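Chemist: Any chance you can model this:
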Amino acid sequence: MEFISADNIRELSNPGVVSRQLLNPENSASTRVTITEVHLEVGASQPRHTHDASEQIWYATKGSGKLLLENDTTKPFKAGDVVRFADKDVHGLLNDGNEEFVYVSVTAPPINFGYAYKDKK
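Modeler: Coordinates of the predicted model:
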């Protein structure tokens, strides 16, 4: 069994975005998944990007926004929705709603997301 205390959950941030690394290679021996809780302020975004060798599942828990997809397309994404991105799928998120947007991401195999954020706590 592994128990990860709140003190061992690292927060990464970019302007308007806080990513809580719930389970990742730095606080877990898991070789199968990374679990992240992501908070976006109103107007904040995560630019379009891809992951070469990992898939992601996002579960929206609060708010509404737009998925930023390939070919400059978008798709509404709101609390209760789930989306899965295969390896190399273009994805991102814009919080164009009127409240904080929160989603939980499961990434397999695990990724250490420190490279994508300016501030690390």
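
Chemist: Would you mind putting the CA coordinates of stretch 63-81 into CSV?
Modeler: Extracted in CSV, the C-alpha atoms of stretch 63-81 (Å, rounded to 0.1, in the frame of the first residue of the first chain):
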residue,chain,number,x,y,z
GLY,A,63,-17.1,24.6,-14.4
SER,A,64,-17.3,24.7,-18.2
GLY,A,65,-14.9,25.5,-21.0
LYS,A,66,-13.7,24.5,-24.4
LEU,A,67,-11.4,21.7,-25.4
LEU,A,68,-8.8,23.0,-27.9
LEU,A,69,-8.3,20.3,-30.5
GLU,A,70,-6.4,19.7,-33.8
ASN,A,71,-7.0,22.0,-36.8
ASP,A,72,-8.0,24.9,-34.5
THR,A,73,-11.3,23.1,-33.6
THR,A,74,-13.0,23.3,-30.2
LYS,A,75,-15.6,21.2,-28.3
PRO,A,76,-17.6,22.2,-25.2
PHE,A,77,-16.4,20.5,-22.0
LYS,A,78,-18.3,20.8,-18.7
ALA,A,79,-18.5,19.3,-15.2
GLY,A,80,-19.5,15.7,-15.5
ASP,A,81,-17.9,15.2,-19.0
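
Chemist: buried set for it?
Modeler: Gly63, Ser64, Gly65, Lys66, Leu67, Leu68, Leu69, Phe77, Ala79 (16 or more other C-beta atoms under 10 Å). Using the backbone N, CA and C atoms, a C-beta is placed for each residue, glycine as well.

Chemist: Pick out whichever of those sits closest to Ala44.
Modeler: Of all those, Ala44 sits closest to Gly65, with 9.2 Å by C-beta to C-beta.

Chemist: partners of the helix or strand where that closest one lies in the sheet?
Modeler: Take DSSP states H and E as the rule and Gly65 turns out to sit in strand 64-68. Here strand 64-68 is paired, per DSSP bridges, with strand 74-78 (antiparallel), strand 91-94 (antiparallel).

Chemist: all strands of the chain, in order?
Modeler: 10-14, 17-23, 34-40, 45-49, 55-62, 64-68, 74-78, 82-85, 91-94, 101-108, 119-120 (DSSP state E).
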